[in-house]
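Asker: with the sequence up front, the predicted model follows.
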Amino acid sequence: MPNTPESGKPTLQEVQARLHEVARALRGPGSLKPEVHLALAELLDELSATLKAPNAPPPEVAHLAESATHLAQSLHDRHEKGLLEQARDRLAGTVFQAEAHAPTAVGLARRLLEALANIGI
């Protein structure tokens, strides 16, 4: 992902900053089920490490990070079920696109999606 905005898309630095902001918020007390919290924390950690890699990640990985961050924020803010489902679907849509570029993160994203399905989201 380039460092300059392209048609309203956030820069890599903006995605990283938001990822850190949401991860910090999730460290506090919350109402997430432990399996969802763990899966989400592992995914955010992996995406953070991937985005910090020396070579700029492909746009698909940055988009996966952005989608995961949006879902994490929605879960943290306890949005209504319809908004959570939209955020979940957005993450699910980015998984396929990023699979070849970040297989570990994609595996963690799938685990998160499964944990959400287990609690009815």
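Answerer: Nice, I can see it.
Asker: quick check: Pro58 touching Gln97?
Answerer: No. Pro58 sits out of contact with Gln97 when judged by CB atoms under 8 Å, with a separation of 9.1 Å. To be clear about C-beta, it is placed using only N, CA and C from the backbone, and glycine gets the same treatment.
Asker: state the pLDDT value of Thr4.
Answerer: On pLDDT, Thr4 comes in at 44.
Asker: in stretch 67-87, what's buried?
Answerer: 67-76, 84, 87 (16 or more other CB atoms under 10 Å).
Asker: what's the most distant pair in the residues you listed?
Answerer: Within those, Ser67 and His76 form the most distant pair, 15.0 Å apart (CB to CB).
Asker: and the helix or strand where Arg90 lies, what does it pack onto?
Answerer: Using DSSP states H and E, Arg90 sits within helix 81-98. Packing partners of helix 81-98 (3 or more CB pairs under 8 Å, 6 or more residues apart in numbering; DSSP states H and E): helix 59-76, helix 103-118.
Asker: could you say which of those helices is packed most deeply?
Answerer: helix 59-76 (a mean of 23; mean count of other CB atoms under 10 Å).
Asker: pull the CA atoms of it into CSV?
Answerer: Provided in CSV are the C-alpha atoms of helix 59-76 (Å, rounded to 0.1, in the frame of the first residue of the first chain):
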residue,chain,number,x,y,z
PRO,A,59,-2.4,-3.8,-0.6
GLU,A,60,-4.4,-6.9,0.2
VAL,A,61,-2.6,-7.3,3.5
ALA,A,62,-3.2,-3.7,4.5
HIS,A,63,-6.8,-4.1,3.5
LEU,A,64,-7.0,-7.2,5.7
ALA,A,65,-5.5,-5.2,8.6
GLU,A,66,-8.0,-2.4,8.0
SER,A,67,-10.9,-4.8,8.0
ALA,A,68,-9.7,-6.6,11.1
THR,A,69,-9.3,-3.3,12.9
HIS,A,70,-12.8,-2.2,11.9
LEU,A,71,-14.3,-5.5,13.3
ALA,A,72,-12.2,-5.2,16.5
GLN,A,73,-13.5,-1.6,17.0
SER,A,74,-17.1,-2.7,16.3
LEU,A,75,-16.8,-5.5,18.9
HIS,A,76,-15.2,-3.2,21.4
